[in-house]
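>>> one predicted model, sequence on top.
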Amino acid sequence: MLLTDSLAGKKTSQTPIWIMRQAGRYLKEYRDVRATTSDFISFCLTPDKACEVTLQPIRRYDFDAAIIFSDILIVPWALNRNVHFISGEGPKCDKLTPDDVSNNVIDQALIDNFDDKITPVAEAMTKTRAGLPDKTALIGFAGAPWTLMTYMVEGGSSKDYAATRNWLWGHQKETDRLIEILVETISKSLISQAQAGANALMLFDSWASAVPSHLRPWIVERPVQAIIENVRAAGIALPFICFPRGISADLPRFADAVDCQGLAIDQGVSPHFAAQSIRSDITLQGNLDPQALIYGGDVMKRAVDEIQDAFKDRAHIFNLGHGITPPTPTDNVAELVNYIRS
């Protein structure tokens with residue numbers, strides 16, 4: 001598999017390519033299947049439908065990897081945080097307070113029963129692996145602890161994560177306990193996906209940039225490393241891709257602190273900076289601006305060339321700097337794939 005070869009540090013003859021959110025609303029076939037289930041969480045937890053939409057972009061574009069269709073908020077959902085999605089507003093869940101953590105609102109019984117609640121994700125993984133070409137890698141994933149914590153504390157999305165950042169300054173004990181719970185349950189999720197057929201695992205820390213730089217070793221790096229160690233302790237040696245979005249100059253420190261084989265970089269990071277400053281044994285993934293894909297053509301190709309040139313001397317997986325957006329023309333995705341492979 002090109003993707004796993006690249007994550008093993010090999011300079012492959014062809015750059016592997018997949019794109020974040022490749023199973024999504026820009027595809028008509030995805031929208032058709034999505035329309036059959038009104039509730040998004042139920043959609044994610046219906047194995048046949050999750051499998052089908054995971055396979056759709058592989059059939060259309062023959063990407064080098066599929067990523068299982070699910071959502072990072074499946075973990076808080078399985079912890080009974082009443083996760084739901086409101087059209088036009090996004091995800092919502094019950095807000096968690098420091099007192100809730102102190103009073104064990106998320107008790108041991110919830111943690112013990114966690115595996116049972118996420119069984120549909122594993123079933124979708126097994127079905128998808130059976131439906132993929134042997135050459136195509138299957139990626140399992142989860143949200144990293146800090147990013148999941150922001151949703152659980154804010155009750156949904158936020159512009160500045162002020163409530164969650166307040167925990168870092170005034171409620172360190174409760175922060176440590178909540179992170180501990182999330183490390184344990186995220187580890188369970190990834191172990192389940194690995195055992196169900198994943199070829200690689202990815203951790204998305206979408207809001208890592210909200211953490212003050214000097215606190216990132218505590219709240220971003222160490223929890224991710226603890227998850228990787230838990231997965232390794234379960235006898236699973238799959239490669240990890242980490243995506244601490246928006247931390248820019250702290251990427252080299254993250255790479256030194258976390259035992260990941262791949263590091264995804266967002267479009268705010270200079271590919272030349274990443275190539276020169278991050279350990280050479282780590283495979284870099286990224287980092288085309290998703291907006292460039294909307295325009296396609298020469299403007300997109302020039303950006304692709306710059307990225308390819310920056311990573312010409314090291315292992316690289318081509319991807320976007322964040323998820324593909326719904327307005328993206330499908331022909332432009334085909335153009336991108338063909339250009340990379342040419």
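Yes, it's here.
>>> Leu182 versus the residue nearest to Cys242 when sequence neighbours are not counted, what's the distance?
Nearest in space to Cys242, with sequence neighbours left out and distances taken as Cβ to Cβ, 6 or more residues apart in numbering, is Cys260 at 4.3 Å. Backbone N, C-alpha and C define where each C-beta goes, glycine included. Distance, Cys260 to Leu182, using Cβ to Cβ, to the nearest Å: 18 Å.
>>> just give me the residue closest to the centre of the chain.
Phe204 (3.6 Å; Cα atoms, centre = their mean).
>>> could you give the mean pLDDT of the strand or helix carrying it?
If you go by DSSP states H and E, Phe204 is part of strand 200-205. The pLDDT scores in strand 200-205 average 98.
>>> what sits against the closest residue to Ala334 other than its chain neighbours?
Using Cβ to Cβ, 6+ apart and skipping the chain neighbours, the partner closest in space to Ala334 is Tyr61 (6.3 Å). Counting by Cβ atoms under 8 Å, 6 or more residues apart in numbering, Tyr61 makes contact with 22, 333-334, 337.
>>> need the max-distance pair from these.
Gln22 and Ala334 (12.3 Å; Cβ to Cβ).
>>> neighbour count winner among the two?
More crowded of Gln22 and Ala334, by other Cβ atoms under 10 Å: Gln22, with 27 against 14.
>>> sec struct for the nearest residue to the more buried one once chain neighbours are set aside, please.
Excluding the flanking residues, the one nearest Gln22 by Cβ to Cβ, 6+ apart is Pro57, at 4.2 Å. Here Pro57 is recorded as helix under DSSP: H, G, I helix; E, B strand; the rest coil.
>>> would you mind measuring from Pro57 to Ala249?
33 Å.
>>> for Lys11, same thing?
With the distance defined as Cβ to Cβ, Lys11 ends up 26 Å from Ala249.
>>> now do Leu288
From Leu288 to Ala249 the distance is 21 Å (Cβ to Cβ).
>>> who's more crowded, these two?
Leu288 (22 against 10).
>>> and the pLDDT for the more buried one?
98.
>>> hmm, Ala303 and it touching each other?
Yes. Between Leu288 and Ala303 there is a contact under Cβ atoms under 8 Å: 5.8 Å.
>>> helix or strand: which one has Cys242?
Cys242 belongs to strand 240-244, assigned by DSSP H and E.
>>> by contact count, what packs against that strand?
strand 200-205, helix 222-233, helix 251-257, strand 262-264 (3 or more Cβ pairs under 8 Å, 6 or more residues apart in numbering; DSSP states H and E).
>>> reformat those as CSV; add distance to Ser38.
Output for those, formatted as CSV (distance: least, Cβ to Cβ, whole Å):
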stretch, distance to Ser38
strand 200-205, 26
helix 222-233, 33
helix 251-257, 39
strand 262-264, 32
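>>> which helices and strands sit right next to the strand holding Phe204?
helix 2-7, strand 137-143, helix 145-154, helix 172-195, helix 222-233, strand 240-244, strand 262-264.
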